[in-house]
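Student: no sequence on hand, only this structure:
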């Protein structure tokens, strides 16, 4: 029987007590110390009234206390529902009501406690853990089939939904990442992304399952902190969404190339990494394994693609990981033999899949049937087993009957040296129904020349994929985790 994440932490605390588990806010915490704090806070939560199966709502932070709370809720038998740290009190209570949560870990005035739940203070997690006497306590671990986490979709394709995951799904996800990225025991994984988001929290529990070290940063606003983390001892690796890679290029140029013999691997997820950025990273880090990780909140770490080993496979997301089975289906969800000329929709089976959307049985049935998660991602599998995605069903733009994936247009635009960022959107057209418009953010001190950009696009794309309209903008709207916010432009 598979273990749970917190049970792995217990094992490492016994086997390698002095090994560093978490680095956060300038402090290193060993596995022994981490597990002691987890046990202490678990005891505190249980005494306060958290019971097995209770959903506990908590705002995530890039800190040790959140890591302790996350694991302690698991150890107490609870289910962690992590929210963005900047969410309003009203927003937190609304989510708690949506989930029928029994526990809220937050510092709220009594006047704001309008939802009936057990309220536990948020600002003293470490001290509460330290105050507990756990010398003679025995703790029972949750079972693999028990619910563990509720992650929220980003809402880029509809209203945000609570995705319920079991402990078995968490461990299966960790196993996929460990296998796919080649984690080592001395891996020190730098994670700047928000820990309430699926991409980052999965890297936390993966390091815990593997017995390696997570180095938590508070975003990429402090670029010096990122490069300081790169100088840390150990086998350095990074979890960098595409938007963070762009920040590094924008603020430091080619400086990351100085670490070409230092960085073991970089794993990127949450959105496709543009081809020009892939090529640049490959040139700067020829000795580094560079991975694109495909997955979703509903089905985690499904495929892994090392684009430094297999360059030039545009649209490729790699091959399926051990705990995932990928199939391509038609509109009726019947499996098909796919090809570039005969695409279908990706579907995934395996222990990594969600249990369902919390309190949303009808929405769950639209996506999850007989344990299989069905996506709106159009793609195919080639004869070598590599999986390709052309775009999402809702994103593909119909130009006079011809289908255009906006991601392909955006990748062509980003290969123009003066373009910093862009998004391809549909606009109304009397002749073709829809026409393509490219919104462009130019690099600093680079003049916007429509003719030059159009000529570049014409040299890269088939005629019907070349945008008709171009507009310079100050910024492109993105979600908090860096995905292009296509819904914003469809209002």
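Tutor: Okay, I see it. Just so it is clear, the structure is predicted and the values come from calculations on it, not from any experiment.

Student: could you use CA atoms for every contact and neighbour count after this?
Tutor: Fine.

Student: the worst-scoring helix or strand of the chain on mean pLDDT: partners in the sheet, and parallel or antiparallel?
Tutor: Across the helices and strands of the chain, mean pLDDT, DSSP states H and E gives its lowest value to strand 402-404, namely a mean of 84. In the sheet, strand 402-404 lines up against strand 397-399 (antiparallel) (DSSP bridges).

Student: returning to what we had before: who touches the following helix or strand past the least confident helix or strand of the chain?
Tutor: Next along the chain after strand 402-404, taking DSSP states H and E as the criterion, comes helix 406-414. Here helix 406-414 makes contact (C-alpha atoms under 8 Å, 6 or more residues apart in numbering) with 274-276, 390-391, 395-397, 419-425, 453, 456-457, 460-461, 465-467.

Student: drop anything exposed from the residues you listed.
Tutor: Buried subset of these (neighbour count, 16 or more other C-alpha atoms under 10 Å): 274-276, 390-391, 395-397, 419-425, 453, 456-457, 460, 465-467.

Student: next up, the contacts around the residue nearest the centre of the chain.
Tutor: The C-alpha lying nearest the average C-alpha coordinate of the chain belongs to residue 199 (C-alpha atoms, centre = their mean; 2.2 Å). Listed by C-alpha under 8 Å, 6+ apart, the contact set of residue 199 reads 193, 269, 270.

Student: looking at pLDDT only, which of these scores worst?
Tutor: pLDDT across the contacts of residue 199 is lowest for residue 270, at 77.

Student: secondary structure element for that residue?
Tutor: Taking DSSP H and E as the definition, residue 270 sits outside all helices and strands.

Student: still on that earlier bit, what sits up against the least confident helix or strand of the chain?
Tutor: With contact meaning C-alpha under 8 Å, 6+ apart, strand 402-404 is reached by 396, 397, 398, 464, 465.

Student: give me the contacts around stretch 91-107.
Tutor: Stretch 91-107 has contacts (C-alpha under 8 Å, 6+ apart) with 50, 54-59, 83, 114-123, 162, 358-359.

Student: selecting buried members of those residues in PyMOL, what would you type?
Tutor: In PyMOL syntax, the buried subset of those is picked out as below (16+ other C-alpha under 10 Å):
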select buried, resi 50+54+55+56+57+58+59+83+115+117+119+120+122+162+358
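
Student: out of the contacts of stretch 91-107, which sit inside strands?
Tutor: Judged by DSSP state E, strands contain the following of the contacts of stretch 91-107: 55, 56, 57, 58, 59, 83, 118, 119, 120, 162.

Student: max pairwise distance over the residues you listed: which two?
Tutor: For the ones in strands among the contacts of stretch 91-107, the farthest-apart pair by C-alpha to C-alpha is 120 and 162; their separation is 21.7 Å.

Student: hang on, the earlier thing: nearest to residue 282 among the ones in strands among the contacts of stretch 91-107?
Tutor: Using C-alpha to C-alpha, residue 83 comes nearest to residue 282 of those, at 34.8 Å.

Student: just the helices in this protein please.
Tutor: For the chain, the helices defined by DSSP state H cover 5-15, 31-48, 64-75, 89-99, 125-130, 167-181, 198-210, 223-230, 242-252, 275-284, 361-367, 406-414, 450-460.

Student: list the buried ones in the fifth one?
Tutor: Neighbour-count burial for helix 125-130, counted by 16+ other C-alpha under 10 Å, picks out 125, 126, 128, 129, 130.

Student: now stretch 63-79
Tutor: By 16+ other C-alpha under 10 Å, the buried positions in stretch 63-79 come out as 63-79.

Student: determine the number of other residues adjacent to residue 141.
Tutor: Residues near residue 141, counting by other C-alpha atoms under 10 Å, number 16.

Student: give the contact list for the nearest residue to it once chain neighbours are set aside.
Tutor: Excluding the flanking residues, the one nearest residue 141 by C-alpha to C-alpha, 6 or more residues apart in numbering is residue 75, at 5.8 Å. Neighbouring residues of residue 75 by C-alpha under 8 Å, 6+ apart: 6, 38, 39, 42, 139, 140, 141, 142.

Student: closest to residue 243 among those residues?
Tutor: Closest approach to residue 243 among the contacts of residue 75 (C-alpha to C-alpha): residue 6, at 31.1 Å.

Student: residues contacting the closest one?
Tutor: Applying C-alpha under 8 Å, 6+ apart to residue 6 gives the contacts 71, 74, 75, 141, 208.

Student: want to try a markdown table for these, with pLDDT and distance to residue 219 as columns?
Tutor: Shown next, in a markdown table, are the contacts of residue 6 (pLDDT from 0 to 100; distance: C-alpha to C-alpha, whole Å):
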| residue | pLDDT | distance to residue 219 |
| --- | --- | --- |
| 71 | 98 | 22 |
| 74 | 98 | 26 |
| 75 | 97 | 28 |
| 141 | 96 | 32 |
| 208 | 98 | 21 |
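
Student: farthest pair within these?
Tutor: Farthest-apart pair in the contacts of residue 6 is 141 and 208; separation 15.1 Å (C-alpha to C-alpha).

Student: who are the contact partners of residue 352?
Tutor: Residues in contact with residue 352 (C-alpha under 8 Å, 6+ apart) are 168, 169, 170, 172, 173, 299, 300, 301, 302, 323, 324.

Student: ok, and the closest non-adjacent residue to the third one?
Tutor: The reference is to residue 170. Leaving aside its chain neighbours, residue 170 sits nearest to residue 352 (7.0 Å; criterion: C-alpha to C-alpha, 6+ apart).
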